[in-house]
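S.K.: I'd like to go over a predicted model; first the sequence, then the structure.
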Amino acid sequence: MGKLIGVIATVLVGVAAATGVTFAVNKAAAPDKTVNLENPASPNNMSGNGSSSVNYGSTP
Amino acid sequence: MTAAVRWWPRLVVPGICLGMALLVLAPLLGHGFVLTYDMVFAPRQYLLPDSFGLGSALPRSVPADAVVGLLTTVVPGEVVQQAFLLGALFLGPLGAARLVPTESVGVRVVAAVSYGWTAYLAERLLMGHWPYLLAYAALPWVVLARKSAAKLVLACVPGILTPTGGILVGVMAIVAGGPRRLRVTVPIAVVLNAPWWVPALLHSGTALSTEDGVAAFAAREESWGGPVMSLLGLGGIWNGEVVPDSRANPLVPVLTLATVAVALLGLRQLRTSWARRITILGAVGVFIAALPTLPGGGPLLGWIVAHVPGGGLLRDSQKWVAWWALPLALGVAVAVDRLGRKAVVAAAIAIPVIAMPDFAFAGWGRLHSTQYPDDWYAVRDVLAHDQRPGDVVTQPFGTFRQFAWNRDRTQLDPAPRFLPRPTVIDDTLYVNGRPLRGEDPRAQRIRDGEPLGRLGIGWVLVERGTPGQTDVDGLEPVYRGRWLDLYRVPGPIAAAPDGPAKTPIIVAFAAAGAMILFSLLWLALPTGRLTALQSRRE
């Protein structure tokens, strides 16, 4: 019974420590700090025509 | 009551002209900018070297950019845009109405509608060529002012904002004045146009265009009548995307032939030398416009464009058909006057509108007003307040945009007119997906991959939501938004390449400005009025 409690406690502590370390590393490194979630950049080629340049006009 | 009876006929013609202008422009007169093809206005346009032709690019929009820059320091850009468009569509037909030698209000309305409801206006409005609209509006006033030097100068002013407009009004002034007035009209045309031709001469090393453009920008047929018939009906612009659908109506060539025949009959009745001269000028305009479509005309025009500095002005040749619009309207009105029947007057008023109803309501909904996203204001502020040197280059590196926030409408990149620093854009034009080489040497060096810092470029503006590739490797981000990103070019930034010499351009602007100011004072102060009175007594 004591061993079971010890294993469960160890797992819980391990999970908590892993969570804490992950949170701390993520907070420090902030890999997504440049992502603007509220005002996301619009992709180019939105019109989906695959063209790399816009035509000034067209003739028949 | 008598006074009211005497006065109301005078209001009919201006009222009709204003009504026509509002019928077209009312949907655009709200809050916002109309951004279509070559028409770009900004809330405030900054006065930059390019505004005066002092940059590396050819002075295509000089002095228009300087004038708009000055106006938008006191008036919001959208108000300036709306005033220009409304003024052009109102004053042009009003001038044509005044030019007709008649006492009949109905006949004047015929002239106004014939001149104010044309394919030329519709196509150039949709194409965003607002300076052409102003020049077109100025033409009848130039003819009206042919006997007074001061009035002639002021009549030319709306037209001299761009090289094409300046030539349209300048040549009309010379032709309408006739050989006896050449010593007055030629100096006026030369001095008023100096703000663009002086910098153009100083750019003469780069003022050659690619001859490929002649075929791309040739007049086109809008119906079975062929390109010449389209031109005689004041249409035929090269870009099929801006032609009103009604121009393809199979009855249009028949109507055009009938209108031209009636106009020629009317012009024969008008036995004045100035009318004969402007009719010949109109025919010359149609000939130049049709030249690329005539046998041998394309190669000839191609040689001129490729070898004569400034020959590129002839590339989009359909614009010269503006000279034909005035004799056409005048001739129709005079012919209707001679017939003197109310039913004929009513038909002559109704036919142009019925034949092209899709000019109304902003080209039947083709144009809309829009607002610049907040990102544009934020980037403008960053560039205005950041002390680090350098001009701006935009990505995707291209001339035209199709922003989702402007309904994917084709429009010129607004950055050079919106930002407070000189901005380089790729001036290569694509027609049917085929590139036509630009003329800006700095844009060419960027295309060749020269380091941006060495070219005086300190900033890269990435415009999003428009087709095109971007490459920001090695650049330092300064601003990120939904529609725009601004990057700093790392390392030392050289001074921007020297443009043309400043002194001749300053002299050119000063001379044209002084001529306009002197003409205004001459007409406003007693000196001019007394002199006119004295000459009448003599």
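M.R.: Everything's here; your move.
S.K.: neighbours around the closest residue to chain B within chain A, how many?
M.R.: Per Cβ to the nearest Cβ, residue A:57 is where chain A lies closest to chain B, at 3.2 Å. All C-beta atoms are positioned from the backbone trio N, CA, C, and that covers glycine. By other Cβ atoms under 10 Å in any protein chain shown, the residues close to residue A:57 number 20.
S.K.: Now do the contacts for it.
M.R.: B:37, B:127, B:238-242, B:410, B:431 (Cβ atoms under 8 Å, 6 or more residues apart in numbering or on different chains).
S.K.: next one: phi and psi at it?
M.R.: Backbone torsions of residue A:57, given as degrees, to the nearest 10, read phi -180, psi -180.
S.K.: ok, for it, nearest residue in space, not its chain neighbours?
M.R.: Counting by Cβ to Cβ, 6 or more residues apart in numbering or on different chains, residue A:57 lies nearest to residue B:239, which is 3.2 Å off, once chain neighbours are set aside.
S.K.: pretty sure residue B:269 contacts residue B:332?
M.R.: No - at 11.5 Å, residue B:269 does not count as touching residue B:332 under the criterion of Cβ atoms under 8 Å.
S.K.: ok, those two, which is more surrounded?
M.R.: Using other Cβ under 10 Å as the criterion, residue B:269 and residue B:332 rank with residue B:332 on top: 29 against 13.
S.K.: Just the buried residues of the regular element (helix or strand) spanning that one, please?
M.R.: Using DSSP states H and E, residue B:332 sits in helix B:322-339. Using 16 or more other Cβ atoms under 10 Å in any protein chain shown as the test for burial, helix B:322-339 gives B:322-337.
S.K.: and if you look at stretch B:209-228?
M.R.: B:209-223, B:225-228.
S.K.: got any ranges where the stretch 351-500 of chain B has weak pLDDT?
M.R.: Of all residues in the stretch 351-500 of chain B, none has pLDDT under 70.
S.K.: And the helices in it?
M.R.: B:360-365, B:374-385, B:415-418, B:441-447 (DSSP state H, counting those that start in this stretch).
S.K.: who wins for proximity to chain A among those?
M.R.: helix B:374-385 (8.5 Å).
S.K.: what sits against residue B:191?
M.R.: B:511-512, B:515.
S.K.: Equivalent analysis for residue B:519, please.
M.R.: B:149-151, B:153-154.
S.K.: circling back: may I have the residues that are in contact with the residue nearest to residue A:57?
M.R.: A:56-59, B:37, B:123, B:127.
S.K.: Could you tell me the per-residue confidence at it?
M.R.: At residue B:239, the pLDDT value in this model is 95.
S.K.: from the contacts of residue A:57, which single one is nearest residue B:249?
M.R.: residue B:240 (15.4 Å; Cβ to Cβ).
S.K.: Show the low-confidence segments of chain A, by residue range.
M.R.: In the predicted model, chain A carries pLDDT under 70 at residues A:31, A:33-51.
S.K.: quick one, helices of it?
M.R.: For chain A, helices defined by DSSP state H occupy the ranges A:2-29.
S.K.: Now do the buried residues in stretch B:187-194.
M.R.: B:188-189, B:191-194.
S.K.: Most proximal residue of the stretch 101-250 of chain B with respect to chain A?
M.R.: For the stretch 101-250 of chain B, Cβ to the nearest Cβ, closest residue to chain A: residue B:239, 3.2 Å.
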